[in-house]
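A.B. asks: only the shape, not the letters, is given here:
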């Protein structure tokens, strides 16, 4: 058997000051989802678990019914104001993993437009909200 010698590559992140760091765009601050289809019976509606790999928030999405359910960190469905707050960030962000960045607050304030209903974030996430 051949012995391989591995060498460690030391890479340091670029050193930016607060004024030199490139500003993140709205697109860059969205959730980064890993999708998992939920096993359902034949003929039932499609469902997906969407888990953000940045902030660890999980959503269950049913595009056929137009429903999004937000979950807490132990897998229980959330309700009330916290669920609404998380669902509002589903399609457009910003992901709370960027909460320490100055542009996070700017993006959240820009998001504060009239709510388009629960179906709008699902359609946007699936790319179905644009006219053909």
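C.D. replies: Thanks, I have it. Quick caveat: nothing in here was measured; it's all calculated off a predicted structure. Numbering: from 1, shown residues only.

A.B. asks: where does this protein dip in pLDDT?
C.D. replies: Low-confidence segments of the chain (pLDDT under 70): 1-21, 40, 43-44, 110-132.

A.B. asks: quick one: the helices in it?
C.D. replies: 80-88, 102-111, 119-125 (DSSP state H).

A.B. asks: can you give me the strands in the protein?
C.D. replies: 33-37, 48-52, 58-62, 67-71 (DSSP state E).

A.B. asks: got the contact list for the third one?
C.D. replies: Defining contact as CB atoms under 8 Å, 6 or more residues apart in numbering, one finds that strand 58-62 is touched by 38, 45-52, 67-71, 75, 77, 86-87, 90, 122, 125. In this view, the C-beta of every residue, glycine as well, is placed from N, C-alpha and C.

A.B. asks: apply 7 Å and report the result again.
C.D. replies: Applying CB atoms under 7 Å, 6 or more residues apart in numbering, the contact partners of strand 58-62 are 38, 45-51, 68-71, 90, 122.

A.B. asks: show me which pair in those is furthest apart.
C.D. replies: Farthest-apart pair in those is 45 and 51; separation 19.9 Å (CB to CB).

A.B. asks: who's more crowded, those two?
C.D. replies: Legend: neighbour count by other CB atoms under 10 Å for residue 45 and residue 51, higher for residue 51 (17 against 12).

A.B. asks: test my guess that that one contacts residue 34.
C.D. replies: Yes. The pair residue 51 and residue 34 passes the contact test of CB atoms under 7 Å, sitting 5.0 Å apart.

A.B. asks: what sits in contact with each of those two?
C.D. replies: Counting by CB under 7 Å, 6+ apart, no residue touches both residue 51 and residue 34.
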